[in-house]
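Participant: got a structure for you, letters missing:
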């Protein structure tokens, strides 16, 4: 009942992960919307109740002034609390992800709502204190002008001073922080926090992500610093308002420290080698990173830093498609000589995927040989990366400009692993059938589960639940994947899916929605080198779109628990959710695990 009416459906209709028209935002799912609604109502109640006038009163000039002070103090404090919560929810190392099972996309949604409430409470705080001075017996405009000149003050009537204040901040920064602290810190804090909202709208986040990120960080830091100089010079440390700022700084600092710790622990600082390779016929690259410490697991992702591109501070998340631990035999063509070992004999490990694709074959280039089995004593992790604007576009241009035009050895640092928590993937542990419903580059999230399941089966780990990992109970594993690039499907089949999978409980179905042998690269490149797919590799691929409902229905069995793991475009995920809800209504035991990054 709860699955059907609360946990799975959209708030109304079926739109959840697909942006609203005009990319004005997202509508959270029903369960998340209820949680956000309760959170908003709770803040309204806490901002509105238990205000009482005291009479006679020698402290306040009038009952109206007294009430404005109460409302201003309450909303100001709650604004600090919600600001602190918003910072916690935005962190990559948010421990609540592992505890609750909610993914980072969910917490980013909560982060935005907590921030909106915080800004609204800050504005109410400002309005309440402004109105207080215009109440009877409070001094009116003259008293207001005197208070507004003090360094701690904040007023919504001063928003027209934004341009002046911005120039003043720049000028004062060139002189001294002390001079700046004597003027308008409260105004600066309120303006900065209010500007965070328009500078965070969805179109800006999707089209100019780096600009959004930089302005977001700068404005939030400016707001926090402004709050500090707004509170401490006026109240000192008497009432403890600054404690919430301590907590906010602690959350922010702890997340940054954890990021640095991950980078230092998992990487060879100064010599972190990686191989970037072209996948002919599409705008996707394969990246193989060789960390210092082995890691990798189903459902995990990592942030990549590529300092050689000139923007060492930039990082972006990518799903881990495969991993190799020391001692396993892999198939590879391009392993950095500095960390490569000689070929040696040994038993193959089922489910281990290749770390590099066969290099491009063109009339004007020398073919560097087919992949050969090598036993590597160094761990590796693999990523498939689609080219977009920004960092990935720069990386692809560097790759195509390399001597081979197909393979590039460079320095890449990983910050991970993230996600893959048991709490998030709990429905997979209890599933008799696992259906992976994938669209496009969403295959990167699913391949880790394929590797784990295949390895466990071929190593005869079905008798040990612990060794079977996430899908320890599943007796049926289905991968249904639709992509527009036949070259990508071919590459994944050849390098990440073993030929023996079908006999080991894995069922594959592929759909290609675009023309085969068509280069999708939007950059000026060497895509004329794209090779044609052979009949052997394209066998079993259906032209056209996947019928999501048919695929889901065909995986269901009466009395069996089916978990649908969906990763793809927002419209596909929303469609899958709608059909899963209908299946639950029809009496089938179906659960849903979504992996989607909603900006």
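Facilitator: Good, I have the coordinates. All figures in this text were calculated on a predicted structure; none of them were measured in a lab.
Participant: quick check: residue 3 touching residue 585?
Facilitator: No: look at residue 3 against residue 585 with CB atoms under 8 Å: they stay out of range, at 9.7 Å. The C-beta positions use only the backbone N, C-alpha and C, and glycine is treated the same way.
Participant: and those two? which has more neighbours close in?
Facilitator: Neighbour count, other CB atoms under 10 Å: between residue 3 and residue 585, residue 3 has more, with 16 against 11.
Participant: report the contact partners of that one.
Facilitator: Contact analysis of residue 3 by CB atoms under 8 Å, 6 or more residues apart in numbering lists 581, 584, 590, 591.
Participant: so it sits in a strand?
Facilitator: No: counting by DSSP: H, G, I helix; E, B strand; the rest coil, residue 3 is not part of a strand but helix.
Participant: who's residue 481 bridged to?
Facilitator: residue 438, residue 510 (DSSP bridges).
Participant: mind listing which of the contacts of residue 3 are in strands?
Facilitator: 590, 591 (DSSP state E).
Participant: distance to residue 246, pLDDT and neighbour count added to the contacts of residue 3, as JSON lines?
Facilitator: As requested, the contacts of residue 3 are arranged in JSON lines below (distance: CB to CB, whole Å; pLDDT from 0 to 100; neighbours: other CB atoms under 10 Å):
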{"residue": "581", "distance to residue 246": "45", "pLDDT": "95", "neighbour count": "20"}
{"residue": "584", "distance to residue 246": "46", "pLDDT": "95", "neighbour count": "21"}
{"residue": "590", "distance to residue 246": "46", "pLDDT": "96", "neighbour count": "26"}
{"residue": "591", "distance to residue 246": "41", "pLDDT": "95", "neighbour count": "19"}
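Participant: just name the closest of the contacts of residue 3 to residue 91, please.
Facilitator: Taking CB to CB as the measure, residue 591 is the one of those closest to residue 91, at 27.9 Å.
Participant: that closest one and residue 563 touch, don't they?
Facilitator: Yes: Residue 591 is in contact with residue 563 according to CB under 8 Å; the separation is 4.7 Å.
Participant: joint contacts of those two?
Facilitator: Common neighbours of residue 591 and residue 563 (CB under 8 Å, 6+ apart) are 427, 430, 431.
Participant: let me see the contact set for the second one.
Facilitator: With contacts defined as CB under 8 Å, 6+ apart, the neighbours of residue 430 are 473, 561, 563, 591.
Participant: repeat that for the first one.
Facilitator: Counting by CB under 8 Å, 6+ apart, residue 427 touches 563, 591, 592, 593.
Participant: what pLDDT does it get?
Facilitator: With respect to pLDDT, residue 427 has a value of 93.
Participant: once you drop chain neighbours, what's closest to it?
Facilitator: residue 591 (3.9 Å; CB to CB, 6 or more residues apart in numbering).
Participant: ok, the one you found to residue 199 distance?
Facilitator: Separation of residue 591 from residue 199 (CB to CB, to the nearest Å) stands at 38 Å.
Participant: what do you get for residue 249?
Facilitator: For residue 249, the distance to residue 199 equals 22 Å [CB to CB].
Participant: same deal with residue 395?
Facilitator: 27 Å.
Participant: which one's more surrounded, the two?
Facilitator: More crowded of residue 395 and residue 199, by other CB under 10 Å: residue 395, with 22 against 17.
Participant: what about stretch 276-288, start to end distance?
Facilitator: Length of stretch 276-288, first residue to last, CA to CA, to the nearest Å: 7 Å.
Participant: closest to residue 217 out of the contacts of residue 3?
Facilitator: residue 591 (37.5 Å).
Participant: what's near enough to touch the closest one?
Facilitator: Counting by CB under 8 Å, 6+ apart, residue 591 has contacts 3, 427, 430, 431, 561, 562, 563, 564.
Participant: quick one: which two of those are the most distant?
Facilitator: Taking CB to CB as the measure, the contacts of residue 591 span a maximum distance of 14.1 Å, between 3 and 431.
Participant: domain parsing for the chain?
Facilitator: 60-190+225-258, 274-360+370-419, 422-594 (automatic domain parsing).
Participant: go through those and name the closest to residue 17.
Facilitator: domain 422-594 (3.8 Å).
Participant: now do the end-to-end distance for that closest one.
Facilitator: 14 Å.
Participant: still on that earlier bit, ok, the contacts of residue 591 vs residue 74, which is closest?
Facilitator: residue 3 (39.2 Å).
Participant: out of the helices and strands in the chain, which is least certain?
Facilitator: Scoring the helices and strands of the chain by mean pLDDT, DSSP states H and E places strand 372-375 at the bottom, with a mean of 37.
Participant: now the element after it, going C-ward?
Facilitator: Under the assignment DSSP states H and E, the closest C-terminal helix or strand after strand 372-375 is strand 380-386.
Participant: parallel or antiparallel, which strands does that next one pair with?
Facilitator: strand 284-289 (antiparallel), strand 322-324 (antiparallel).
Participant: right, so of these, which gets closest to residue 306?
Facilitator: Judged by CB to CB, the one of these that comes nearest to residue 306 is strand 284-289, at 9.3 Å.
Participant: the helix or strand that contains residue 477 to strand 284-289, inter-axis angle?
Facilitator: Applying DSSP H and E as the criterion places residue 477 in strand 476-483. Angular relation of strand 476-483 and strand 284-289 on a 0 to 180 degree scale: 130 degrees, by axes from the mean of the first three to the mean of the last three CA atoms, to 10 degrees.
Participant: so what does the next helix or strand after strand 476-483 touch, helix or strand wise?
Facilitator: As assigned by DSSP H and E, the chain's next helix or strand after strand 476-483 is helix 486-495. Judged by 3 or more CB pairs under 8 Å, 6 or more residues apart in numbering; DSSP states H and E, helix 486-495 is in contact with strand 284-289, helix 443-458, strand 476-483, strand 506-512, helix 535-538.
Participant: now these in a markdown table, with mean pLDDT and mean neighbour count?
Facilitator: Below are these laid out as a markdown table (pLDDT from 0 to 100; neighbours: other CB atoms under 10 Å):
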| stretch | mean pLDDT | mean neighbour count |
| --- | --- | --- |
| strand 284-289 | 96 | 25 |
| helix 443-458 | 89 | 24 |
| strand 476-483 | 95 | 24 |
| strand 506-512 | 92 | 19 |
| helix 535-538 | 44 | 13 |
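Participant: that older thread, looking at the contacts of residue 430, spot the one nearest residue 132.
Facilitator: Comparing the contacts of residue 430 against residue 132 with CB to CB places residue 591 closest, at 53.9 Å.
Participant: where does this protein dip in pLDDT?
Facilitator: 58, 134-184, 327-376, 460-468, 498-505, 516-539, 597-599 (pLDDT under 70).
Participant: show me the contact partners of the helix or strand hosting residue 398.
Facilitator: According to DSSP H and E, residue 398 maps onto helix 391-400. Identification of contacts with helix 391-400 by CB under 8 Å, 6+ apart yields 276-278, 283, 285, 306, 308-311, 314, 316, 385-387, 405-408, 410, 521, 523, 525-526.
Participant: drop anything exposed from those residues.
Facilitator: The neighbour-count test (16 or more other CB atoms under 10 Å) marks 276-278, 283, 285, 306, 309, 314, 316, 385-387, 405-408, 410, 521, 525-526 as buried among those.
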